[in-house]
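Visitor: Pasting a predicted model and its sequence here:
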Amino acid sequence: MIDSLLRHGEALGWTLIKAAAVFIIGRLLIGVINKLVSRILVRRNIDPSVKSFIGSLVHVSLMILLIVSVVGVLGVQTSSFAALLASAGVAVGMALSGNLSNFAGGLIILVFKPYKVGDFIEALDVSGTVQEIQIFHTVLSTTDNKIIYVPNGSLSSGVVVNYSYRDVRRVDWTFGVEYGTSYVHVKEVLDDIIAHETRILREPAPPFVAMSQLADSSVNYVVRVWVKSADYWDVFYEMNRTVYERFNAEGIGFPFPQLTVHQAKD
């Protein structure tokens, strides 16, 4: 009996060693193949969005093949293994339904291209720069350097705002001044600030300045200009600083909430 146990233990040990060897060698081969596929995609100038998707798909497919190979080495017949998966098809299908939806969503994103790698997007109450489009998720990098994994299925069927899709964007400001300030003076100052900002474009429309609202405590002026998308935030913040300094220098007062109280005489 002891001899039988030793023989079975020896056989099991060799099986485990072979399975471990197949797994280790397989992982090494997968790494080599992934690098080879990446080099081929780079040489062919494949779109970065497609490249990340294909790379992720190849990696997952190879890992599945490796798992099946290891199971076969352990002595489990692959046909029996497939039959086992088939018998549990309903449960597996329910478990993978979300991932299948995400996979289909990834294909839709690659075909219709609502965004690509490098675009800054906003969707599902999150925003960031697209780093990768994987088979199940889109990876976003936020402005404070967080990484967010967003399901492709939700992105393909939801509202996505792509701030990088166009080469130019419109910047809007609303500046409030005190009542009694000359309209002509305010407009001249704003026009002069705009004229000296070289990053403001004259196309697709010239800069627009107008009195927009007679509010409770201020007269509001709206300013709309077009800039290159890459210059959006720089121009936005620089304009705020310049307007604040020029208004102070020109004697144009900024409003603050006021309440006039009339007291009845006895």
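Guide: Happy to help now that I have it. The shown structure was predicted, so the numbers you read here are calculated from the model rather than taken from an experiment.
Visitor: Stretch 201-209: end-to-end distance?
Guide: End-to-end distance of stretch 201-209: 14 Å, with Cα to Cα, to the nearest Å as the criterion.
Visitor: next one: stretch 140-159 to chain centre, how far?
Guide: Centre-to-centre, stretch 140-159 and its host chain are 5 Å apart (Cα atoms, centre = their mean, to the nearest Å).
Visitor: any weak-confidence spans in the stretch 1-150 of the chain?
Guide: In the prediction, the stretch 1-150 of the chain carries residues with pLDDT under 70 at positions 1-12, 45-47, 49, 75-98.
Visitor: can you map out the helices along it?
Guide: For the stretch 1-150 of the chain, the helices defined by DSSP state H, counting those that start in this stretch occupy 2-43, 48-73, 78-87, 89-112.
Visitor: Can you mark which positions in the second one are buried?
Guide: This means helix 48-73. The neighbour-count check on helix 48-73 (16 or more other Cβ atoms under 10 Å) flags 48-49, 51-59, 62, 66, 69-70, 73 as buried. For the C-beta atoms, the positions are set from N, CA and C on the backbone; glycine is no exception.
Visitor: And it, what does it pack against?
Guide: helix 2-43, helix 78-87, helix 89-112, strand 126-133 (3 or more Cβ pairs under 8 Å, 6 or more residues apart in numbering; DSSP states H and E).
Visitor: now it, how far from the centre of its chain.
Guide: The answer for helix 48-73 is 24 Å, by Cα atoms, centre = their mean.
Visitor: relative to helix 2-43, how tilted is it?
Guide: Using axes from the mean of the first three to the mean of the last three Cα atoms, to 10 degrees, the inter-axis angle of helix 48-73 relative to helix 2-43 is 160 degrees.
Visitor: quick one: which of the buried residues of helix 48-73 is nearest residue 27?
Guide: Nearest to residue 27, judged by Cβ to Cβ, of the buried residues of helix 48-73 is residue 66 at 7.2 Å.
Visitor: is it true that that closest one touches residue 30?
Guide: Yes: with contact defined as Cβ atoms under 8 Å, residue 66 reaches residue 30; the gap is 6.6 Å.
Visitor: Quick check: phi and psi on residue 208?
Guide: Dihedral angles of residue 208 (phi, psi; degrees, to the nearest 10) stand at phi -120, psi 130.
Visitor: Quickly list what it is bridged to.
Guide: residue 224 (DSSP bridges).
Visitor: What pLDDT is listed against it?
Guide: Residue 208 is assigned 97 on the pLDDT scale.
Visitor: go on, residue 171?
Guide: On the pLDDT scale, residue 171 is placed at 96.
Visitor: just use 50 as the starting number from now, easier for me
Guide: From this message on, residue numbering opens at 50, which makes the last subject residue 220.
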